[in-house]
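A.B. asks: Okay, predicted coordinates and the sequence, questions at the end:
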Amino acid sequence: MRIVSIIAACALGLLAAGCADRTGNMTIADWCAQDASRANTDICKQHHDTESLGSRISDVLGLTHHAQATADQAMARNVQCVTRTLRRVQDGACDPGYTLTSCTQTHYGRRAGGLAILRSINDTQCHYNQRVLEVQVRCCAMGPNLPPATMVTATEPPAAQTPPPQPVS
């Protein structure tokens, strides 16, 4: 029984050694192209799949580089955004030349009817189903000559406030 195991191990080793040097000193692409009947072997199919995956990755990277160039170009433009706070209105709108980017109901109460439903929104205005206590309309303009904004407050994002450290005793 022991001798049979040794012979089986040797046969398996010889088989593995024969498979390891299947292409000789040629590349896999050359080996597959040398004989048309080899195109259906597993190693040639795997090589073809790997090459097609590599070309798809390079196509995606090309798109990524184009998208990054477009984003860099957009970041270089002059953009000004302003927030208009309106009270007790049903519609929120932007000044001419500005594009509406958001419309948010910021205050509501039970006596006033609670939250209102935003019925429509487009590039110039938003419309609620009823009057709201307060709505903030965010408007942005882009270009070298920005139009003047009336009745707006330029808002900066709030600075992060860190609490003072608590003494440990």
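C.D. replies: Perfect, I can see it now.

A.B. asks: Following element in sequence after the helix or strand containing residue 45, please.
C.D. replies: Assigning secondary structure by DSSP states H and E places residue 45 in helix 42-75. For helix 42-75, the succeeding helix or strand toward the C-terminus, using DSSP H and E, is strand 79-93.

A.B. asks: what's that following strand in contact with?
C.D. replies: With contacts defined as Cβ atoms under 8 Å, 6 or more residues apart in numbering, strand 79-93 is touched by 94, 98, 100-101, 103, 106, 124-128, 130-142, 146, 149, 151-155. C-beta here means a position set from N, CA and C on the backbone, and glycine is covered the same way.

A.B. asks: quick one: buried residues of the helix holding residue 45?
C.D. replies: 44, 47 (16 or more other Cβ atoms under 10 Å).

A.B. asks: Does anything pack onto that helix? Which helices or strands?
C.D. replies: helix 28-34 (3 or more Cβ pairs under 8 Å, 6 or more residues apart in numbering; DSSP states H and E).

A.B. asks: and the longest strand anywhere in the chain, what does it pack onto?
C.D. replies: Longest strand in the chain by number of residues, with DSSP state E as the criterion: strand 125-142. Secondary structure elements in contact with strand 125-142, counted by 3+ Cβ pairs under 8 Å, 6+ apart, are strand 79-93, strand 99-107, strand 118-121.

A.B. asks: average model confidence for that strand?
C.D. replies: Averaged over strand 125-142, pLDDT sits at 87.

A.B. asks: Buried residues in it, which are they?
C.D. replies: Quick answer for strand 125-142 (16+ other Cβ under 10 Å): 126, 128, 132-133, 135-139, 141.
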